[in-house]
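Enquirer: What follows is a predicted structure for the sequence shown.
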Amino acid sequence: MQNGNGLYITRGLFTEMLLDRQLQSEIAEAYSRYQKKDWGDLCEDDKAVNGEAIINGDRILAAYETSKGRIYIITDNTKAEPQVTTVLFASEY
C-alpha cells in the first residue's frame, strides 16, 4: 500500500496491521523514530553507514522490534525524486 509521500507498506505487514491495533501503534512509533534518524536496532557500524547514505544518496535501513516480529524501514535515498520508503517485516526482505 502507498500513501502520497512515497511511503509503501508491504501487503503482509499491512494485512497484519488491519487486524492488530497494537501493531499499528508500533509501526507509527517506528516510523516517527525513523524520521528523527533513530535507526532502531542496528549496530553502530550500520548506523554510521546510514549517516553516510544521507550525504551520498545511498540506501538507508533501519530495524525495529514489534510484537509481531522485526520490521525494516528502507529508503531508496537516491537523488531522484520522489524518494521511496518501504516498511516491511524482516521475513519479507
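Expert: Received it, and whenever you're ready, just let me know what you need.
Enquirer: so where is this structure shaky, pLDDT-wise?
Expert: Across the chain, the ranges flagged by pLDDT under 70 are 1-5, 79-81.
Enquirer: hmm, try it at 80
Expert: Along the chain, the parts satisfying pLDDT under 80 run over 1-5, 77-82.
Enquirer: quick one: furthest residue from the center of it?
Expert: For the chain, the largest distance from the centre (Cα atoms, centre = their mean) belongs to L19, which lies 19.9 Å off.
Enquirer: Pop out the phi and psi values for that residue.
Expert: The phi/psi pair for L19 (degrees, to the nearest 10) reads phi -100, psi -10.
Enquirer: where do the strands sit along the chain?
Expert: 7-9, 60-66, 69-76, 84-89 (DSSP state E).
Enquirer: Could I get these in CSV, plus columns for distance to N50 and mean neighbour count?
Expert: (Glycine included, C-beta is placed from N, CA and C.) Shown next, in CSV, are the strands of the chain (distance: least, Cβ to Cβ, whole Å; neighbours: other Cβ atoms under 10 Å):
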stretch, distance to N50, mean neighbour count
strand 7-9, 18, 18
strand 60-66, 5, 19
strand 69-76, 9, 19
strand 84-89, 13, 19
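Enquirer: Put together a markdown table for those, with distance to T15 on each row.
Expert: Output for the strands of the chain, formatted as a markdown table (distance: least, Cβ to Cβ, whole Å):
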| stretch | distance to T15 |
| --- | --- |
| strand 7-9 | 10 |
| strand 60-66 | 14 |
| strand 69-76 | 14 |
| strand 84-89 | 10 |
